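J.: With the input below, show me the fold.
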Amino acid sequence: MTETHLTDTRPTDTRATDTRATGAPRHATDEPAATRRLRTALRLNGGTTIAFGLLLLLAAGPVDDLLGTDRPGWVRLVGLGLLPYAAFLLRTAAGTTQRLRRETPIAVAGDLAWVAGSGAGLLLDWFDGWGIAAVVAVAAVVETYAVLQFVGWRRLPVSGRPERRR
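T.: Numbering: from 1, shown residues only. Now for the predicted structure:
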């Protein structure tokens, strides 16, 4: 009795891990952990930015009542402005490693500008009551995203080198 070995003769699909066309692995598990964490931070930032942009845009009156600015038109305008920024964050998160390297500092700068603008609004006494607490809370979340994105950007592996720990 002879022993027969069955072998899989189907052609293998090399596209699943091919990095030549885009410069990025096809599957997230093929990426270094630092890159995955940066993408996650950008996606979370983009998702919450969409949510708050829509909230400010569609419920400007009630949000303005909470903030105490008596300027619902400005609240609506800020909401409208957040939507393209959210699209930028999500596009960056979905892009190649080169795009991450190039565009993450822009996201960090945008988030830090939000924090600075919130601080300026507080110093100029634009908000009252619960508005002050809301602005401080949102600024803290945005600052956290900025820090996570900056740390993730700094830890992006350089082509051909292992992940950096900083």
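J.: quick one: what helix or strand has the residue positioned nearest the centre of the chain in it?
T.: Nearest to the mean C-alpha position of the chain, counting by Cα atoms, centre = their mean, stands residue 42 at 1.8 Å. According to DSSP states H and E, residue 42 maps onto helix 33-58.
J.: Return the list of helices and strands in contact with that helix.
T.: helix 72-94, helix 97-123, helix 130-154 (3 or more Cβ pairs under 8 Å, 6 or more residues apart in numbering; DSSP states H and E). Using the backbone N, CA and C atoms, a C-beta is placed for each residue, glycine as well.
J.: in this structure, which ranges drop under the pLDDT threshold?
T.: For the chain, the stretches flagged by pLDDT under 70 are 1-29, 159-166.
J.: if we go to 90?
T.: Along the chain, segments meeting pLDDT under 90 span 1-32, 157-166.
J.: how about JSON lines for the helices and strands packed on helix 33-58, with mean neighbour count and distance to residue 58 added?
T.: As requested, the helices and strands packed on helix 33-58 are exported to JSON lines (neighbours: other Cβ atoms under 10 Å; distance: least, Cβ to Cβ, whole Å):
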{"stretch": "helix 72-94", "mean neighbour count": "17", "distance to residue 58": "8"}
{"stretch": "helix 97-123", "mean neighbour count": "16", "distance to residue 58": "20"}
{"stretch": "helix 130-154", "mean neighbour count": "17", "distance to residue 58": "17"}
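J.: will you turn those helices into CSV that also has distance to residue 59?
T.: As requested, the helices and strands packed on helix 33-58 are arranged in CSV below (distance: least, Cβ to Cβ, whole Å):
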stretch, distance to residue 59
helix 72-94, 9
helix 97-123, 19
helix 130-154, 13
